[in-house]
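Asks: The following block contains a protein sequence and its predicted model.
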Amino acid sequence: MDIWQAGDVRIATWNVNSVGARLPRLLAWLEEVAPDVVALQETKCADSAFPHLPISALGYEVAHNGDGRWNGVAIASRVGLSDVSTDLPGHPEARYVSATCGPLRATSVYVPNGRAVDDPQYPYKLGWLAELRATLDARAVAQPMVMMGDFNVALHDEDVFDIAAFAGSTHVTEPERAGLQALIDWGLVDVRARPGKGDRAFTYWDYRAGMFHKDLGMRIDYVLATPSVVVSDAYVDREARKGKLPSDHAPIVVDAEI
DNA sequence: ATGTCATCTTAGAGATGA
């Protein structure tokens, strides 16, 4: 059933760092922010363990791709959900799910971390990004689409609190940035959220060392949208990173008209 | 930057990943 009506749509993405541990906060957040389509990452549960009941009680259909302890991505929609794909060819980890939600094709991604430039996970990450680009090449840019999630890449130097602190680290290397930029170059817009309290719209702050309170963060979560998704507002929901037992990521919330 | 957090193994702290 297509219950979408022409007009505004609210889209969001959030790496929840365990949907089980975050469930009370997630449910409260869904009620408060009420996105029409939300992409989740790091659900860290098997499909059979996903908390479908309380989320469906809020009016959402959910497509989840989980493999247990690590990873796990989902799309929740209250404007319809169909044509679900969890297949990123050659990459069986649960890091990709795509679905049609009303007027939109929506994709939730959890790009591999990479760990270190001399770790096998680093070339794996680059290959993963290349395969993600290949999924776009099979599509038409004219169809409204949002690809969103935790990309584990800071696209520009300003997307980390201090580029000097990242010398030799992953997330800021040229090949990683090229992998992310290739998605944008296909025809997607990097929907930049307006800054909150600080001057930069970071989306992730390490749990340790008071990084959040010092605003020592990174912009590694993105909403990438086709131009037919006309954005009226986009913000990082820093409130969701505060208080007791938060995720280490904050959601990005985007209001748009298709 | 490293002061945390979540999960699993397997019974209580350690390993792993981020």
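Replies: Cool, got the structure.

Asks: The stretch 101-250 of chain A against DNA strand B: which residues are in contact?
Replies: Within reach of DNA strand B by CB under 7 Å from any atom of the strand, the stretch 101-250 of chain A has these residues: A:112-113, A:115, A:121, A:161-162, A:165, A:206-211, A:214, A:216, A:245. Yep, even glycine has a C-beta here, placed from its N, CA and C like the rest.

Asks: Quick one: buried ones out of those?
Replies: Neighbour-count burial (16 or more other CB atoms under 10 Å) applied to these gives A:112, A:113, A:121, A:161, A:211, A:216.

Asks: What sits closest to the first one if chain neighbours are left out?
Replies: Read it as residue A:112. Spatial nearest neighbour of residue A:112, chain neighbours left out: residue A:125 (4.2 Å); criterion: CB to CB, 6 or more residues apart in numbering.

Asks: now swap in the fifth one and tell me
Replies: The shortest distance from residue A:211 to any non-neighbouring residue, by CB to CB, 6+ apart, is to residue A:205 (4.6 Å).

Asks: is it true that that neighbour touches residue A:242?
Replies: No. Assessed by CB atoms under 8 Å, residue A:205 is found out of contact with residue A:242, at 10.7 Å.

Asks: can you give me the strands for the stretch 51-200 of chain A?
Replies: Taking DSSP state E, counting those that start in this stretch as the test, the strands found in the stretch 51-200 of chain A are A:61-65, A:73-77, A:82-85, A:96-101, A:104-110, A:145-150, A:189-190.

Asks: can I get the buried ones among the residues of the stretch 101-250 of chain A next to DNA strand B in JSON lines with pLDDT?
Replies: Below are these laid out as JSON lines (pLDDT from 0 to 100):
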{"residue": "A:112", "pLDDT": "98"}
{"residue": "A:113", "pLDDT": "98"}
{"residue": "A:121", "pLDDT": "97"}
{"residue": "A:161", "pLDDT": "97"}
{"residue": "A:211", "pLDDT": "96"}
{"residue": "A:216", "pLDDT": "96"}
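
Asks: out of the residues you listed, who's nearest DNA strand B?
Replies: Within those, proximity to DNA strand B (CB to the nearest atom of the strand) peaks at residue A:113, which comes in at 4.1 Å.

Asks: re earlier: for the residue nearest to residue A:211, give me the pLDDT.
Replies: Looking at residue A:205, its pLDDT reads 97.

Asks: what's it sitting at in phi/psi?
Replies: Residue A:205 has phi and psi values of phi -140, psi 130 when expressed as degrees, to the nearest 10.

Asks: Surely the residue nearest to residue A:112 touches residue A:111?
Replies: Yes. The pair formed by residue A:125 and residue A:111 meets the contact definition of CB under 8 Å, at 6.5 Å.
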